[in-house]
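Undergrad: Next input, structure requested:
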Amino acid sequence: MRKEKKRKELSKLISILSDNDTIYLIDISDLNSNQIFILRKNFYEYNIQMKVIKNTLLKKALENIKNKKLDSFFSILNGNTSILACNSDLGNIPSKIIKNFHVSEKTEKPYLKGAYVEEFFYFGNKDLDILINIKSKKDLMRDILKLLQSPIEQVILSIKNGENQIFRILKTLSISKK
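TA: Predicted structure coming up:
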């Protein structure tokens, strides 16, 4: 019975890690229950899953993931570990929530052990500012389209002006032939 429960937990954890593009590992030790409640509530608002997990179970799950190479996390699997998982559209939201929590609660916890965001790894609270400023692929595409939009509009205006000039020339030529 106990082995079956562990298999289900492992399967669920593998599913969480496989289905989400953004993974944060944090240490929430030394936080009181009210602080943890606030964190969970903030993450829940953005549909970010937060789960306290045993390191041995997490290591087994990381070893069993086929489509991602998350073995860089092995070196930080010690002490208290909680996992945050979300899709890539929300990649920088967990770091913003953590940073805001640091400021509001005047603490360095939760400590960012590691993060996998936009196919790169980040380690330690020192990387929170980098993570806060990361843009998702959709955001980058939107920015590129905005940059391209202005020159395209200028080309279209030039073509329209050219059409008007050609129309005037043709009109002038047709009138002069009469």
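
Undergrad: Kindly list the main-chain dihedrals of Y116?
TA: The phi/psi pair for Y116 (degrees, to the nearest 10) reads phi -120, psi 100.

Undergrad: Any idea what it is bridged to?
TA: Here Y116 sits in beta bridges with I23, F121, as judged by DSSP bridges.

Undergrad: Check it and give its pLDDT.
TA: With respect to pLDDT, Y116 has a value of 92.

Undergrad: got the contact list for it?
TA: Neighbouring residues of Y116 by C-beta atoms under 8 Å, 6 or more residues apart in numbering: T22, I23, Y24, K68, L70, S72, F73, Y122. Every C-beta, even on glycine, is put in place using the N, C-alpha and C of the backbone.

Undergrad: from those residues, which would you call buried?
TA: T22, I23, Y24, L70, F73, Y122 (16 or more other C-beta atoms under 10 Å).

Undergrad: quick one: contacts for the fifth one?
TA: Listed by C-beta under 8 Å, 6+ apart, the contact set of F73 reads I23, L25, L58, L62, G114, Y116, F121.

Undergrad: Give me the domain ranges for the chain.
TA: 2-134, 136-178 (automatic domain parsing).

Undergrad: Among the ones you listed, show me which one is buried the most.
TA: Of all the domains of the chain, domain 2-134 has the most neighbours on average by mean count of other C-beta atoms under 10 Å, namely a mean of 16.
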